[in-house]
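In: Pasting the sequence and the predicted coordinates here, then a few questions.
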Amino acid sequence: MEAVVGVEGRAIPYGAKNVDTDVIIPARWLKTISREGLGEGAFETVRAVPGNVFDEERYRGAPILIAGDNFGCGSSREHAAWALLDMGIRAVIAPSFSDIFSGNAFKNGILAIALPQSQIDRLLEVALTETVAIDLESQTVTTPFQDRFAFDIDPFRKQCLMEGLDEIGLTLARDAAISTYETSRLRDMAWLDKGTRTQCQAP
């Protein structure tokens, strides 16, 4: 997982509330187990409407998405986080998130930031013309107009994001301790590895 220390750039001013995972990535895209290419289907129904914000040239490659309340509700599909990553999104800012989406975002290296609606409204305004910057170390979102919004994040998630550690990375980081345990277990409880076999014999 790529580390997230800061994210800066144009922010897509989406702002819609109750955006469920079927809007983020429609069900017909769930046949794949690959994370690549899902960005093409991200927000497919929204993009079908002429003049939608996602297809505006000024937001091409934008790393930040500003959304409305209850973002990521609906089914638990991890493909929603994969699709956001594939379209270049590294942070989503909204008043609130679905718990499952928030967890999936974290596990895939996407920073989910909850801010009050009044601050979201300000960022939606700024995003029309300027960039937005996120500093995970100081836990702040700033703008060129000296706006400075503080956000909360679980310390464990913050550390994992800043160090680029997913579940596999966390396990590998403890490789020495695991090896030490395995060695001592083989020495002190060798009987666990012998196992037993039950042979079935015909009467």
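Out: Great, that's in hand. The model shown is predicted, which means the values in this text are computed figures rather than measured ones.

In: what ranges do the strands span in the protein?
Out: 6-9, 11-13, 64-66, 91-94, 111-114, 132-135, 140-142, 148-150 (DSSP state E).

In: Most tightly packed of those?
Out: Of all those, strand 64-66 has the most neighbours on average by mean count of other C-beta atoms under 10 Å, namely a mean of 27. From N, CA and C alone the C-beta is placed, and that goes for glycine too.

In: Paired strands for that strand, with orientation please.
Out: Strand 64-66 has these partner strands in its sheet, going by DSSP bridges: strand 11-13 (parallel), strand 91-94 (parallel).

In: so which of the ones you listed gets nearest residue 134?
Out: For residue 134, the closest of the strands paired with strand 64-66 is strand 91-94, at 5.5 Å, according to C-beta to C-beta.

In: Hmm, residue 160 is touching residue 106, no?
Out: Yes - the criterion here is C-beta atoms under 8 Å, and residue 160 meets it with residue 106 at 7.3 Å.

In: Which parts of the chain are helices?
Out: Secondary structure of the chain (DSSP state H): helices at 21-24, 44-47, 79-86, 99-107, 117-126, 155-163, 167-173, 175-188, 191-194.

In: which stretch in those helices has the least confidence?
Out: Lowest mean pLDDT of the helices of the chain: helix 167-173, a mean of 57.

In: tell me the contacts of the residue nearest to residue 22 when sequence neighbours are not counted?
Out: Nearest residue to residue 22, sequence neighbours excluded (C-beta to C-beta, 6 or more residues apart in numbering): residue 74, at 5.7 Å. Residues near residue 74 by C-beta atoms under 8 Å, 6 or more residues apart in numbering: 20-22, 98.

In: what sits against the nearest residue to residue 4 once chain neighbours are set aside?
Out: Distances taken as C-beta to C-beta, 6+ apart place residue 161 nearest to residue 4, at 4.5 Å, with adjacent residues excluded. By C-beta under 8 Å, 6+ apart, residue 161 lies in contact with 3-4, 106, 109, 111, 136.

In: Residue 145 against residue 132, yeah?
Out: No - using C-beta under 8 Å, residue 145 makes no contact with residue 132, being 10.6 Å away.

In: if I look at the two, which residues touch both of them?
Out: Shared contacts of residue 145 and residue 132, defined by C-beta under 8 Å, 6+ apart, comprise residue 126.

In: Look up how far residue 84 lies from the residue lying closest to residue 85 once chain neighbours are set aside.
Out: Counting by C-beta to C-beta, 6+ apart, residue 108 is the residue found nearest to residue 85 once chain neighbours are left out, at 5.9 Å. Going from residue 108 to residue 84 by C-beta to C-beta, to the nearest Å gives 8 Å.

In: With neighbour numbers in mind, choose between the two.
Out: Neighbours were counted for residue 108 and for residue 84 using other C-beta atoms under 10 Å; residue 84 has more, 26 against 17.

In: Find the nearest non-adjacent residue to the more buried one, please.
Out: Closest residue to residue 84 apart from its sequence neighbours, by C-beta to C-beta, 6+ apart: residue 110 at 6.0 Å.
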